[in-house]
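Colleague: Provided below for reference: sequence and predicted model.
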Amino acid sequence: MARNEQTSAIIDGILKVGVTVGSLSVAVIAPNLLQVLDKPIADYLRKLDDKEREREVDRLITYALREHLLTEHYQHGIELTKKGKKRLAKTSFENLIVPKPERWDGVWRLAMFDIPKSHDKNRRPFTAKIRQLGFQPLQQSVWIYPFECRDEIALVAKVYSVAQFVTYIETNHIDHEEKLKTRFKNILG
């Protein structure tokens, strides 16, 4: 992982800790930071000795303060700013995944949409994002997925301003189910 990506991931972790804990001090950030970071980044920080880790976190907090992602208050410690919250929301959306349960419940989830021409610029990013989440096209403007994802579809539809054109359906019967199971064999197991 490139140093830029690593630094960015640690800053995002600091912002997550800020949301989780509320106002915080540097002493609170360091131990909680390793819990919210992805494994490669956490491993990188674990390899540093305590002093190096503290210096690295201090350096990145200083950067986040300078970039107005965090703000410092005498009484409340360090808090997330609107800009920090916006960055965290963007990062969370980019890394959005549908949690996979241990076993499939046999229910199919369909996202159906009829996006008018006036919102055509939002259709492509909406379909690209649901494809990234693992949905497969069933028909034109009808996409299917085997796991619970109502919240994720609602979020994606909201972000792309097409929520009023999207319908979410759950069904336990669908024709040609065996073909669908084959299409999703990599996640159905």
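Modeller: Arrived safely, thanks for sending. Residues are numbered from 1 along each chain as shown.

Colleague: Give the residue spans of the protein that score low on pLDDT.
Modeller: 1-3, 18-40, 75-76 (pLDDT under 70).

Colleague: At which residues are the helices of it located?
Modeller: Along the chain, the stretches classed as helices by DSSP state H are 3-21, 26-36, 39-47, 50-66, 82-94, 120-133, 150-159, 177-183, 185-188.

Colleague: how about CSV for those helices, with mean neighbour count and distance to residue 74 added?
Modeller: Any C-beta I mention is one placed from the backbone N, CA and C, and that applies to glycine too. Formatted as CSV, the helices of the chain follow (neighbours: other C-beta atoms under 10 Å; distance: least, C-beta to C-beta, whole Å):
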stretch, mean neighbour count, distance to residue 74
helix 3-21, 18, 17
helix 26-36, 15, 15
helix 39-47, 13, 28
helix 50-66, 14, 14
helix 82-94, 14, 19
helix 120-133, 16, 42
helix 150-159, 18, 36
helix 177-183, 12, 58
helix 185-188, 11, 50
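
Colleague: how about those, which one is nearest residue 170?
Modeller: Minimum separation from residue 170 across the helices of the chain (C-beta to C-beta) falls at helix 150-159, 8.1 Å.

Colleague: Hey, what's the angle from that closest one to helix 120-133? Just curious.
Modeller: Between the axes of helix 150-159 and helix 120-133, defined by axes from the mean of the first three to the mean of the last three C-alpha atoms, to 10 degrees, the angle is 150 degrees.

Colleague: Distance from helix 150-159 to the middle of the chain?
Modeller: Average the C-alpha atoms of helix 150-159, do the same for its chain, and the two points are 12 Å apart (C-alpha atoms, centre = their mean, to the nearest Å).

Colleague: so what does it touch, helix or strand wise?
Modeller: Judged by 3 or more C-beta pairs under 8 Å, 6 or more residues apart in numbering; DSSP states H and E, the packing partners of helix 150-159 are strand 108-113, helix 120-133, strand 166-171.

Colleague: report the angle between the axes of that helix and strand 108-113?
Modeller: Counting by the same axes, to 10 degrees, helix 150-159 lies at 10 degrees to strand 108-113.
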